[in-house]
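J.: all I have is the shape, not the residue letters:
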């Protein structure tokens, strides 16, 4: 059964992952990397433009499908060995979150809408996925067989 996920990372980290065709979750933790399965969809939300800086981004910045069966670990530098999944990303445009808030059923508190993203990684339902994906792609990827 296909599942749909939101992952949270700075826009610069998302761009690096898209370029490499990979996803890391929660700074490379194994738990989230094990939860996703081949064929699951991931949408990245970027609260900031750059890691460890405060300039806001507040956009959905990448969308793709998990394309491998198991997480794997790499050493990025001594002492940092994150777990990854391979992802086939689709060419998309970033979608600002604020105009979409009314249609995001996973946001229960509209006043504190950003708090849900603090989890760093969470499942969403198909309707929420299709709503965001259509904004990012100008089409629903679940209705296209060639995706």
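T.: In hand now; what should we look at? Since the structure is predicted, the reported quantities are computational estimates derived from the model, not experimental observations.
J.: for the longest helix belonging to the chain, packing partners?
T.: For the chain, the helix with the greatest residue count under DSSP state H is helix 126-137. Using 3 or more C-beta pairs under 8 Å, 6 or more residues apart in numbering; DSSP states H and E as the contact definition, the elements that helix 126-137 packs against are strand 4-8, strand 41-48, strand 56-66, strand 95-96. C-betas here are computed from N, CA, C, even on glycine.
J.: how about a cut-off of 10 Å?
T.: Using 3 or more C-beta pairs under 10 Å, 6 or more residues apart in numbering; DSSP states H and E as the contact criterion, the neighbours of helix 126-137 among helices and strands are strand 4-8, strand 41-48, strand 56-66, strand 95-96, strand 121-124.
J.: dump the ones you listed to TSV, plus mean pLDDT and mean neighbour count.
T.: Formatted as TSV, the helices and strands packed on helix 126-137 follow (pLDDT from 0 to 100; neighbours: other C-beta atoms under 10 Å):
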stretch	mean pLDDT	mean neighbour count
strand 4-8	98	21
strand 41-48	98	22
strand 56-66	98	21
strand 95-96	98	16
strand 121-124	98	17
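J.: could you redo these as CSV and give each row distance to residue 103?
T.: Listed next are the helices and strands packed on helix 126-137 as CSV, based on distance: least, C-beta to C-beta, whole Å:
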stretch, distance to residue 103
strand 4-8, 14
strand 41-48, 14
strand 56-66, 12
strand 95-96, 11
strand 121-124, 12
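J.: ok, the residue nearest the centre of the chain to residue 87 distance?
T.: Using C-alpha atoms, centre = their mean, the residue of the chain that lies closest to the mean C-alpha position is residue 44, 2.3 Å off. Residue 44 sits 10 Å away from residue 87 when distances are taken as C-beta to C-beta, to the nearest Å.
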